[in-house]
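Chemist: Sequence first, then the predicted structure:
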Amino acid sequence: MIAYDKNLLDNSILLDEAKDLKNAGFISKEQFENIHSQLSHLKTNKNLLVRLGFFLLGCLMYSSICGTLSLTLFQLFQNHLSIILLIIALVGIIGLEFLSRENYFGQGLDDAFLFGFLTSLGAFVGSSTNGEELLVALVLTLAAIITYLRYLHLSSALIACIAATATIAYTSFEIGEITKSLLPFIMMLFANIGYWLSKGTLEKTKNNYYYKGLKLANNYCLILFYLAGNYLVVRELSIILLGTETPKGQDITFAPFFYIFTFFVPVAYILNGLRTRNRIMLWIGVLALTFSIYSIRYYYALLPLEIALTIGGIIVFFFSYFTIERIKEKELGITFKIDRFLNSNTLANAEILITATQMSIKPTAVDGSKMKFGGGDFSGGGSSGNF
Amino acid sequence: MKKLHQKRTQTLVEQDFISQEQASEINNYRNRDFFSLYNELKILLYLSVVMFSSGMGILIYQNIDTIGHTAILSLLLILILVSFYFCFKNFDGFKKTETTFSNPVFDYLVLAANLLSCIFIGYLQLQYNTFGTHYGLATLVPTLVSFFCAYYFDNKSSLSIAISGLTAYIGLSINPTAILDNQIYENPDLTYSALGLGILLILWTIYSEKSKLKEHFSFIILTFALHLISIACIANLFETYWFVFELILGLSIIYFYFKSIESKALSLFFFLHIYAYIGFNVLLFKIIDLLSSFINFEFYILLGPVYFVGSILLFTKQIKNFNKKNNK
């Protein structure tokens, strides 16, 4: 099923491991160089920027190939847009197959062809069935699962997850009014099944290759489960999908349940993440909690934004300060000691980038009118109103 | 996860790449009950500083001309003084090389103090016209404070604020969002200042590398310089003297090319290629425009794929080249 040479793929995985060990300082640079030169491996770009660059170039190439083809195709199939889209999708999958036989995996070019294939396939199904959403979602789910199983790109695993969710949603619209209004609970059930299935497979599997994809599906289900019961999501989606405006002074059905859910689930994620040493679950929990606070503030703003930000900042500062003080000396368990396998460089760079975007000193008005400047670009949606 | 890694490490042992002792050391490290919240808590600290200073910034401007503003102003001053006091107290003193606080909390306290002083000075100017009509001074003073924080406390976030202050001084608002919105270069005169500032920044990195003053700052300063110079040049490619700027762009790209290989900075290397590619394509379009009367338009569409394949091959070669030189 997998398109790549098994030997090369195994070597690439080993090389990743060796790189982790080198970065953690367990093996020397010379040792890593030795491994790198002796193991033949797939052509992969680990650096995201470079991969993005190749992705963009790949998109340019893909679209220019399609443009050249279209010159002749338009003359052949003048009124059949869907056939042209199908041919473009075929170009994508043929290009992807060709690249993977040339041992390209996650290099950037192959990502472009994968992306082109999936989008034009979706467009093909959409245009040939007059925008039948359920069918588009279903075809995309299947196509993304197959491309993941064959080419192992995490992006197609993610698309498969999203398309599967869309398929469930559209199916419940088709069935009738009852399933439509029970959508949050159907999604929760779906996320639950997905979570336990992927978790079970993860524990049993000895297969190296699909580990990351399963992990991704597992965490996707965590996020989906939370969002399915989030008060803001439920309320806004019910306006969009069911067309029921919630009158003033009234609340959505099962409102107390959703209020409790919105706060209970993130806290459960955080505690469970800490208990089981699951970093991703912890992150999802913290982000979910932030979103929960935003959700409630969206409807019930108890404090004006600037006061909420100031007080929130003080609380978060002292919370982290005292946590650091408490766990600073601990060697084991939950600690503030640096993990050799985790890279904190990326974080530092992200901080500088955020500071550069959000906190720059603004130029003064040259014309001498009343000017506005100071430390921080406070206008616009850049600053998040989470607290 | 652990089992999978253990298996892989074992395979490395079996293939004679690492020794059994190394493997057992690695396995011991992995099998401990160890959960580091180092990164997570640092992010929280950073967010708290950003939140607090943003909140303060809005709060002050909203309370201008009310009774509370003196109170807020004095509160702000006290906060700044207290923050700086703790920073100075816990800092070992200035060194030319890279230094850190023993506790990373203070890095964020420096940032907070820096941001708050910028707000404070901005407010003073707005309310009391402290610097009169010397509007330049009103941006220069916060910039100097930021430079001081950056160089004294070795704080890279302060450095980026300081450089943005410099660009503000010449009248630009430079940050990544401004670049994306393309709002920077509406005024051609500004592009000349931007070019000059970019060159000054390069000169400053040369000086600081010679005198070994915070050499690890060079990367950030050079990143700013690259974007300033390149965007200023590209903006001028559509003006009358475009060939001059094509030349300047080319020269700066060559400089950054060698610099990025020397300092092993892949992101510089990447962005300079983007700018070089844009510059080259503009040149190409000018040539195509000249030849438009001779050559058919469809010819170029057919040539498209060949051109992109060529670009990809060239880019691949460059990246390989970079990795090769980097590994030496």
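Modeler: Perfect, I can see it now. Numbering: from 1, shown residues only, chains lettered A, B, ... in the order given.

Chemist: At the geometric centre of chain B, which residue sits there?
Modeler: Centroid check for chain B by Cα atoms, centre = their mean gives B:Ile220 as the closest residue, at 4.8 Å.

Chemist: give me phi/psi at that one?
Modeler: phi -70, psi -40 (degrees, to the nearest 10).

Chemist: how close does it get to B:Phe258?
Modeler: Remark: distance between B:Ile220 and B:Phe258 (Cβ to Cβ, to the nearest Å) = 19 Å. (C-beta placed from N, C-alpha, C; glycine too.)

Chemist: Leaving out the residues flanking it, which one is nearest to the residue nearest to the centre of chain B?
Modeler: B:Leu159 (5.7 Å; Cβ to Cβ, 6 or more residues apart in numbering or on different chains).

Chemist: what helix or strand is that neighbour on?
Modeler: Following DSSP states H and E, one finds B:Leu159 within helix B:156-169.

Chemist: How about B:Phe35?
Modeler: strand B:34-36.

Chemist: And B:Phe131, by the same measure?
Modeler: Here B:Phe131 is assigned to no helix or strand, by DSSP H and E.

Chemist: how near is it to chain A?
Modeler: Using Cβ to the nearest Cβ, to the nearest Å, B:Phe131 is found at 10 Å from chain A.

Chemist: and that residue, how many neighbours?
Modeler: The tally of other residues near B:Phe131 (other Cβ atoms under 10 Å in any protein chain shown) stands at 17.

Chemist: Got the phi and psi for it?
Modeler: Torsion angles, degrees, to the nearest 10, at B:Phe131: phi -100, psi 10.

Chemist: Can you tell me the SS state at the residue nearest to it when sequence neighbours are not counted?
Modeler: Nearest residue to B:Phe131, sequence neighbours excluded (Cβ to Cβ, 6+ apart): B:Leu137, at 4.3 Å. Judged by DSSP: H, G, I helix; E, B strand; the rest coil, the three-state class of B:Leu137 is helix.

Chemist: Is it correct that B:Leu137 is in contact with B:Leu124?
Modeler: No. Look at B:Leu137 against B:Leu124 with Cβ atoms under 8 Å: they stay out of range, at 11.4 Å.

Chemist: between the two, what contacts are shared?
Modeler: Counting by Cβ atoms under 8 Å, 6 or more residues apart in numbering or on different chains, B:Leu137 and B:Leu124 have no common neighbour.

Chemist: okay, now the closest residue to A:Met1 other than its chain neighbours: neighbour count?
Modeler: Of all residues not flanking A:Met1 in the chain, A:Leu149 sits nearest, at 5.4 Å (Cβ to Cβ, 6+ apart). Residues near A:Leu149, counting by other Cβ under 10 Å, number 17.

Chemist: what's downstream of the helix or strand A:Leu149 falls within, the next helix or strand?
Modeler: For A:Leu149, the host element (DSSP H and E) is helix A:133-151. Where DSSP H and E defines the elements, the next helix or strand beyond helix A:133-151 is helix A:154-175.

Chemist: Buried residues, the longest helix seen in chain A. List them.
Modeler: For chain A, the helix that runs over the most residues, judged by DSSP state H, is helix A:48-76. Within helix A:48-76, the residues scored as buried using 16 or more other Cβ atoms under 10 Å in any protein chain shown are A:50-51, A:53-55, A:57-66, A:68, A:73.

Chemist: check those residues against chain B, which are close?
Modeler: Contacts with chain B within the buried residues of helix A:48-76, counted by Cβ under 8 Å from any Cβ of the partner chain: A:50, A:53-54, A:57-58, A:60-61, A:64-65, A:68.

Chemist: So which residues on the stretch 201-328 of chain B come close to chain A?
Modeler: Counting by Cβ under 8 Å from any Cβ, the stretch 201-328 of chain B comes close to chain A at B:220, B:266-267, B:270, B:273-274, B:298, B:301-302, B:304-305, B:307-309, B:311-312, B:315-316, B:319, B:327.

Chemist: In helices only, show me those residues.
Modeler: Reading helices off those with DSSP H, I get B:220, B:266-267, B:270, B:273-274, B:298, B:301-302, B:304-305, B:307-309, B:311-312, B:315-316, B:319, B:327.

Chemist: Endpoints of stretch B:59-71, how far apart?
Modeler: For stretch B:59-71, the first-to-last residue distance is 12 Å (Cα to Cα, to the nearest Å).

Chemist: how about the helix holding A:Leu149: buried residues?
Modeler: A:133, A:135-141, A:143-145, A:147-151.

Chemist: And for stretch A:3-17?
Modeler: Going by neighbour count (16+ other Cβ under 10 Å), the buried part of stretch A:3-17 is A:3-4, A:8-15, A:17.

Chemist: Also stretch A:21-32?
Modeler: Quick answer for stretch A:21-32 (16+ other Cβ under 10 Å): A:21-22, A:24, A:26-27, A:31-32.

Chemist: Of those, which belong to helices?
Modeler: A:21-22, A:31-32.

Chemist: which of those residues sit farthest apart?
Modeler: The distance between the two most remote of these (Cβ to Cβ) is 8.6 Å, for A:Leu21 and A:Gln31.

Chemist: tell me the strands in the stretch 201-350 of chain A, going along the chain?
Modeler: Ranges of strands in the stretch 201-350 of chain A, per DSSP state E, counting those that start in this stretch, are A:333-335.

Chemist: what about the helices in it?
Modeler: A:211-229, A:231-237, A:255-275, A:279-299, A:305-327, A:345-358 (DSSP state H, counting those that start in this stretch).

Chemist: hey, least reliable of those by pLDDT?
Modeler: Per-stretch mean pLDDT for the helices of the stretch 201-350 of chain A is lowest at helix A:345-358 (a mean of 78).

Chemist: show me where pLDDT drops low in the stretch 1-150 of chain A?
Modeler: Residue ranges of the stretch 1-150 of chain A with pLDDT under 70: none are present.

Chemist: What pLDDT is listed against residue 175?
Modeler: Looking at chain A here, since you left the chain open. A:Ile175 carries a pLDDT value of 87.

Chemist: you looked at the wrong chain, it should be chain B
Modeler: At B:Asn175, pLDDT is 51.

Chemist: could you dump stretch A:271-287 to CSV, C-alpha only?
Modeler: What follows is stretch A:271-287 as a C-alpha-only set of coordinates in CSV (Å, rounded to 0.1, in the frame of the first residue of the first chain):
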residue,chain,number,x,y,z
LEU,A,271,-5.7,17.6,34.6
ASN,A,272,-5.6,14.5,32.6
GLY,A,273,-2.8,15.8,30.4
LEU,A,274,-0.7,16.5,33.5
ARG,A,275,-1.6,13.2,35.1
THR,A,276,-0.8,11.1,32.0
ARG,A,277,2.2,13.3,30.9
ASN,A,278,0.4,14.0,27.7
ARG,A,279,1.7,17.3,26.4
ILE,A,280,-0.6,17.7,23.5
MET,A,281,-3.6,17.1,25.6
LEU,A,282,-2.4,19.7,28.0
TRP,A,283,-2.0,22.2,25.2
ILE,A,284,-5.4,21.5,23.8
GLY,A,285,-6.8,21.9,27.3
VAL,A,286,-5.2,25.3,27.8
LEU,A,287,-6.2,26.6,24.4
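
Chemist: Any idea how many residues pack against B:Leu283?
Modeler: B:Leu283: 16 neighbours (other Cβ under 10 Å).

Chemist: what's the answer for B:Asp189, then?
Modeler: Other residues close to B:Asp189 by other Cβ under 10 Å number 9.

Chemist: secondary structure element for it?
Modeler: helix B:188-210.

Chemist: Disregarding residues adjacent in the polypeptide, which is nearest to A:Ile168?
Modeler: Closest to A:Ile168 by Cβ to Cβ, 6+ apart is A:Phe190, at 5.3 Å.

Chemist: show me the residues around the one you found that make contact.
Modeler: For A:Phe190, the contacting residues are A:165, A:168, A:224, by Cβ under 8 Å, 6+ apart.

Chemist: ditto for B:Cys233
Modeler: Neighbour list for B:Cys233: B:195, B:245-246, B:248-249, B:252, B:279 [criterion: Cβ under 8 Å, 6+ apart].
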